[in-house]
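In: coords below, sequence missing:
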């Protein structure tokens, strides 16, 4: 597993299966990838089903596990991307917004040209101290992804094949790609109205993600999702009810 949220989900599933020992292993891995104790304790099943003695052990080892995370990421980059995200949000309703988004996209594209994607393994997960408007308890990389949602034609400019390599390497989450694709395919961002470009996407996918047109051909939807390792549409539709029933967290941010 390459993403924090995957370990968080795995820990919850282990608790449902009454495997507390495995759940604790996954929680420690999540912490080593950036999850904080405060965020983990917001999840009901984790907060209530982990025995207090085990919590004490996790809390005793927290600083050590946190150091592993902080030593694995580029602290300068997480600060830079967080500031860029904050500036982008601050100018959202001003004439400066297109220029700021362009600058942030160019910054992201710089890394991609050098065969690196600024994913969680490099820039870490979102940090509320650096970007107060982002929830770090969504265990995501919105400070990078949001720019790609709002920039006009990001996939067409970067190249789908490049992004596919980042997905296979575990640098870009498949659901992040599906969100970015949906925004581009449906021209959701206001910046499309101001763009003189008209770039075609390499392939046509139907994910039935938020902000996009929904297809009634669920078989096709699930086939496209399967290409990226995304769960079936029917599973997504049941997540909220499952969360309520078991006290889980299965949905993260805009995904």
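Out: Structure's in. What do you need? All values derive from a computational prediction rather than experimental measurement.
In: tell me the SS of the residue nearest to the spatial centre of the chain?
Out: The centroid of the chain falls nearest to residue 140 when counting by Cα atoms, centre = their mean (3.7 Å). For residue 140, the assignment made with DSSP: H, G, I helix; E, B strand; the rest coil gives coil.
In: identify the spatial nearest neighbour of it, chain neighbours not counted.
Out: Nearest residue to residue 140, sequence neighbours excluded (Cβ to Cβ, 6 or more residues apart in numbering): residue 253, at 4.9 Å. From N, CA and C alone the C-beta is placed, and that goes for glycine too.
In: circling back: got the contact list for the residue nearest to the centre of the chain?
Out: By Cβ atoms under 8 Å, 6 or more residues apart in numbering, the contact set of residue 140 is 5, 125, 126, 176, 252, 253, 255.
In: helices - which of those land there?
Out: Residues of the contacts of residue 140 located in helices (DSSP state H): 5, 176.
In: residue 37: which of the contacts of residue 140 is nearest?
Out: residue 125 (14.2 Å; Cβ to Cβ).
In: in which helix or strand would I find residue 201?
Out: Secondary structure from DSSP states H and E places residue 201 outside every helix and strand.
In: tell me the contacts of it?
Out: Per Cβ under 8 Å, 6+ apart, neighbours of residue 201: 155, 156, 160, 181, 184, 185.
In: follow-up on the earlier one: just send the contacts of residue 140 back as TSV, with distance to residue 47 too.
Out: Below are the contacts of residue 140 laid out as TSV (distance: Cβ to Cβ, whole Å):
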residue	distance to residue 47
5	17
125	20
126	21
176	27
252	17
253	20
255	23
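In: of all the contacts of residue 140, the one with the weakest confidence?
Out: Within those, residue 255 has the lowest pLDDT, namely 62.
In: before we move on, back to that, what distance do you get for the residue nearest to the centre of the chain to residue 98?
Out: 24 Å (Cβ to Cβ, to the nearest Å).
In: ok, now residue 4?
Out: Taking Cβ to Cβ, one finds residue 4 at 32 Å from residue 98.
In: list the residues that contact residue 157.
Out: Counting by Cβ under 8 Å, 6+ apart, residue 157 touches 109, 199.
In: any weak-confidence spans in the stretch 151-255 of the chain?
Out: 254-255 (pLDDT under 70).
In: ranges for the helices of it?
Out: 154-158, 160-168, 174-185, 218-227, 233-246 (DSSP state H, counting those that start in this stretch).
In: which of the ones you listed is buried the deepest?
Out: The highest mean neighbour count among those, using mean count of other Cβ atoms under 10 Å, belongs to helix 174-185: a mean of 22.
In: and it, what does it pack against?
Out: Helix 174-185 is packed against helix 142-150, helix 154-158, helix 160-168, with contacts defined by 3 or more Cβ pairs under 8 Å, 6 or more residues apart in numbering; DSSP states H and E.
In: residues contacting that helix, please?
Out: 140-141, 145, 148-150, 152-156, 163, 167, 188-189, 201, 204-205, 207, 209-212, 225, 228-230, 254-255.
In: what sits against the residue nearest to residue 73 when sequence neighbours are not counted?
Out: Of all residues not flanking residue 73 in the chain, residue 124 sits nearest, at 4.0 Å (Cβ to Cβ, 6+ apart). The contact partners of residue 124, taken as Cβ under 8 Å, 6+ apart, are 34, 69, 73, 78.
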